[in-house]
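Visitor: Let me see the structure of the following:
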Amino acid sequence: MINKKKTVSLKNLVVLTLLIPAVFSIAVGVKNAMNPDYGSADFQWDASRILLMRLNPYQLTLSTDPAPTDKYTPDKLTANQVPSCLILLWPYAVFDWSTAKVLWLLSNLLFTAILVIYSFKLFFPDAGWNVKFTVLSLFVIGTPWRNLVGIGQHTLFSLAFFVLAAYYSDKKQKFLSGILLGISYFKYTTIFPMLPYFLYKKRYMPIAISFGLHGILHLLASFWLGEWPHTLVFQSLEVSSRHSLNGYIDILAVFSHMGMDLPTIVGLLPALAIMLGTAVIAIKAKRKDDLAAMTLVGMVSIIVVYHRRIYDFVVLLFPLMFVFKYWKKNLLNTLLTLCLGSAFIVDRIFYSVGPKLDGMGLEWIENIYFYIFVTIWYSSIAVCGARLLHSENAES
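Guide: The predicted structure is shown next:
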């Protein structure tokens, strides 16, 4: 009995200890988001505002004319989202920049809560409060979360709505699930590779509804601007194509790190193969394990197209939950848990330390870390896929 009390007290102490840096990380994220120079710079408020003003944000991006908004960030307008996604930001675009900035910060904090709460509802409903607070603390302590909030990116927004869509899909509310899924497409480079989760669940109607929503919104934007629908598609693609594809551990980035600067189309072939393989695994899955499926698609989403880890590695929430849920199970679970736990911990240690080594003649340490991290990440994907294809009669 005494040992049990000591164990409980130790768990409480660990949780309380983690809450301190978690609160500090949140405070730093909030401060960065409100910075007058770079805070919330990737919000896309200005592009949405211009569209609301019935001006073409893509033409203004491609021209040298200044954007007619009161945004005071140093960057020139870059409308790098499709019109249907910019319409989704209209509830913020009706406000001036200073107000919208605060609203977006508050929204990102809300999206964080929604993402964590509903992820536990879906994948780990019997978790104790100490596990929930530990996962939440580690999540917000992470550099990806803090910088995502500071720069105003949309991955939390998209992941929150994706998880909500999955939740209401389980509740058999197909239409609501489809609308929520459509809203999640704002960060389509993350969400599209995660759609096999709905294939795994055999939920096809929400996917159809989600694409229908964007089709309607695109036609609305076309009518609103007096442009042909295909013109807006080509203009938005032209803007997006000007972005530097300097990813981190995606396939093209790994090739580039090894000195193999392949043409984009060549690098996309293995990416397409991985996406197809993920879809096949989802459809053919023998095991009912929603968390493993979400972990798989979340980790795959990072490697098939370019991502800067500073933003989009918040998908590590799902591997982190997997670590806490399965660390005591069988050998396959243990192997995956070790891989995912290592990936989560090592990335947070080296994200800030690695770049500082460049000026100290210790670049080789950063290179070793890079290859270790890539090996862990890609191996975790393989093991997670194997788990889903493993017999459903095996130990969970």
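Visitor: so after the helix or strand in which V135 is found, what's the next helix or strand?
Guide: Counting by DSSP states H and E, the element that carries V135 is helix 129-141. Downstream of helix 129-141, the next assigned helix or strand under DSSP H and E is helix 143-151.
Visitor: what is the orientation angle of that next one with helix 129-141?
Guide: 60 degrees (axes from the mean of the first three to the mean of the last three Cα atoms, to 10 degrees).
Visitor: helices or strands up against helix 143-151?
Guide: Helix 143-151 sits against helix 2-33, helix 97-123, helix 155-170, helix 309-312, helix 331-356, with contacts defined as 3 or more Cβ pairs under 8 Å, 6 or more residues apart in numbering; DSSP states H and E. (C-beta placed from N, C-alpha, C; glycine too.)
Visitor: Compare the ones you listed and say which comes out lowest on pLDDT.
Guide: When these are compared on mean pLDDT, helix 331-356 scores lowest, with a mean of 59.
Visitor: Next, the buried residues of the helix holding V135.
Guide: 131-141 (16 or more other Cβ atoms under 10 Å).
Visitor: Go ahead and name everything in contact with it.
Guide: Helix 129-141 has contacts (Cβ atoms under 8 Å, 6 or more residues apart in numbering) with 11-12, 14-15, 18-19, 21-22, 25-26, 29, 112, 116, 120, 124, 127, 145-146, 314, 316-317, 320-321, 324, 344, 348.
Visitor: From the chain's centroid, how far away is that helix?
Guide: 18 Å (Cα atoms, centre = their mean, to the nearest Å).
Visitor: Let's verify A41: helix, strand, or coil?
Guide: Following DSSP: H, G, I helix; E, B strand; the rest coil, we place A41 in the coil state.
Visitor: ugh, wrong one, I meant A127
Guide: Secondary structure state of A127, per three-state DSSP, is coil.
Visitor: For it, give its distance to P21.
Guide: 21 Å (Cβ to Cβ, to the nearest Å).
Visitor: Look at these two and report which has more neighbours.
Guide: A127 (16 against 13; other Cβ atoms under 10 Å).
Visitor: Give me the distance between the more buried one and E227.
Guide: A127 is 49 Å from E227, by Cβ to Cβ.
Visitor: follow-up on the earlier one: and the helix holding V135, C-alpha only, in PDB?
Guide: Below are the C-alpha coordinates for helix 129-141, written out as PDB (Å, rounded to 0.1, in the frame of the first residue of the first chain):
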ATOM      1  CA  TRP A 129      -5.700  12.500 -15.700                       C
ATOM      2  CA  ASN A 130      -2.000  12.300 -15.100                       C
ATOM      3  CA  VAL A 131      -1.500  10.800 -18.600                       C
ATOM      4  CA  LYS A 132      -3.600  13.500 -20.200                       C
ATOM      5  CA  PHE A 133      -1.800  16.300 -18.500                       C
ATOM      6  CA  THR A 134       1.600  14.800 -19.200                       C
ATOM      7  CA  VAL A 135       0.800  14.400 -23.000                       C
ATOM      8  CA  LEU A 136      -0.700  18.000 -23.100                       C
ATOM      9  CA  SER A 137       2.400  19.400 -21.300                       C
ATOM     10  CA  LEU A 138       4.900  17.600 -23.600                       C
ATOM     11  CA  PHE A 139       2.900  18.700 -26.600                       C
ATOM     12  CA  VAL A 140       2.900  22.400 -25.800                       C
ATOM     13  CA  ILE A 141       6.500  22.300 -24.600                       C
END
